[in-house]
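**Student:** need a 3D model of the sequence below.
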Amino acid sequence: MQSMCSWISRFPWRNVVLTTLNHFEGFFPRGGRWSWDPGQPHPHQEIEASPDGNTSNRTYSRTLDYSYWIEHFHRNRLHRAEPDWSEPLRMSPQKIEALRPSIVQFQLGDGGGECRLLARDAERFRGRAQAATTVVDLWFREEAEHARLLSHAVARLGGKPISTHWSYEAFCLCRRRFGVRFELQVLTLTELVSTGYYRLLQQHVEDPPLERICALILRDEAGHVAFQRARLQADGVRTEGVRGWIWKTQFWICGLAAATVLWSSHGRCLKPLGATTPQFLLEVIREIGGFVRGVGPKRRDQAGS
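**Tutor:** Next up is the predicted model:
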């Protein structure tokens, strides 16, 4: 395990990721075929998940319930106690030094950069329905709030915000070039993998304001993940049969690749706090596995059970 982690940390991820994205751009379809049409109901009845991820609250719906999610995002802005930034920082200088670059990078990627859909067909996607535009705007407003919270964490650790990083460049590159449907999958996987990161940070950071930041972000991410699951269900994604197997396989591969890239940059920052590679992998596997199972269909007579 130690030799594998050492290889991961030394591997030239920046060059590999950027080169691969450029090479495979032509394999992704252009045009409307990749676009999720929020105004077009799917002929299959799908299951919609509640924001808290509780599958017992699922109901059947042919389309995404925009009013439900608009209400969720507005409601989620309430009762958000601000961390006490005046509390003394008691972390050791060694841990602060190790953690600082990780928080700086997350502040950029988690809403600190271009906080919107970046795909070439994003405007056509957002313009299909006014309610869809509202939901997307509210979703990214929460991401911007994460960047605001993390900017306080950056300052608390004695760091300065950055405007670019190779991982952020790769993140934005694949979002721009491959269409809005692929971008939405990238964002979904980012939320799943980041949930594992924030869980480990919350467990090991031993600083109440930073723990509070993690709690607020994890609360939001639970809603974002449930929203993405409901979106896929309304889009007619199936997890059974050959096509379902293909979708699950590519989703797992992309998710584990995203986790590997994240840990290659941030693992060395969390390890001095006590986090381990197996802990991170278990969190990621649990998140991706739960998400994939949640997308799958559920018989009508089991709804609400």
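
**Student:** hey, where'd the helices end up in the stretch 51-200 of the chain?
**Tutor:** With helices called from DSSP state H, counting those that start in this stretch, the stretch 51-200 of the chain shows them at 66-75, 93-107, 122-126, 130-156, 166-177, 180-204.

**Student:** adding mean neighbour count and distance to P272, write those helices out as JSON lines.
**Tutor:** All C-beta atoms are positioned from the backbone trio N, CA, C, and that covers glycine. Output for the helices of the stretch 51-200 of the chain, formatted as JSON lines (neighbours: other C-beta atoms under 10 Å; distance: least, C-beta to C-beta, whole Å):
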{"stretch": "helix 66-75", "mean neighbour count": "16", "distance to P272": "36"}
{"stretch": "helix 93-107", "mean neighbour count": "19", "distance to P272": "4"}
{"stretch": "helix 122-126", "mean neighbour count": "17", "distance to P272": "39"}
{"stretch": "helix 130-156", "mean neighbour count": "18", "distance to P272": "16"}
{"stretch": "helix 166-177", "mean neighbour count": "18", "distance to P272": "20"}
{"stretch": "helix 180-204", "mean neighbour count": "21", "distance to P272": "9"}
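
**Student:** for these, which has the smallest mean pLDDT value?
**Tutor:** When the helices of the stretch 51-200 of the chain are ranked by mean pLDDT, helix 122-126 comes last with a mean of 74.

**Student:** ok so, going back, I285: which of the helices of the stretch 51-200 of the chain is closest?
**Tutor:** helix 180-204 (8.8 Å; C-beta to C-beta).

**Student:** got the angle between that closest one and helix 130-156?
**Tutor:** Between the axes of helix 180-204 and helix 130-156, defined by axes from the mean of the first three to the mean of the last three C-alpha atoms, to 10 degrees, the angle is 40 degrees.

**Student:** elements contacting helix 180-204?
**Tutor:** helix 122-126, helix 166-177, helix 208-234, helix 241-270, helix 277-295 (3 or more C-beta pairs under 8 Å, 6 or more residues apart in numbering; DSSP states H and E).

**Student:** next one, pLDDT for W247 please.
**Tutor:** 95.

**Student:** pretty sure A153 contacts R212?
**Tutor:** No. Judged on C-beta atoms under 8 Å, A153 makes no contact with R212 at a distance of 10.0 Å.
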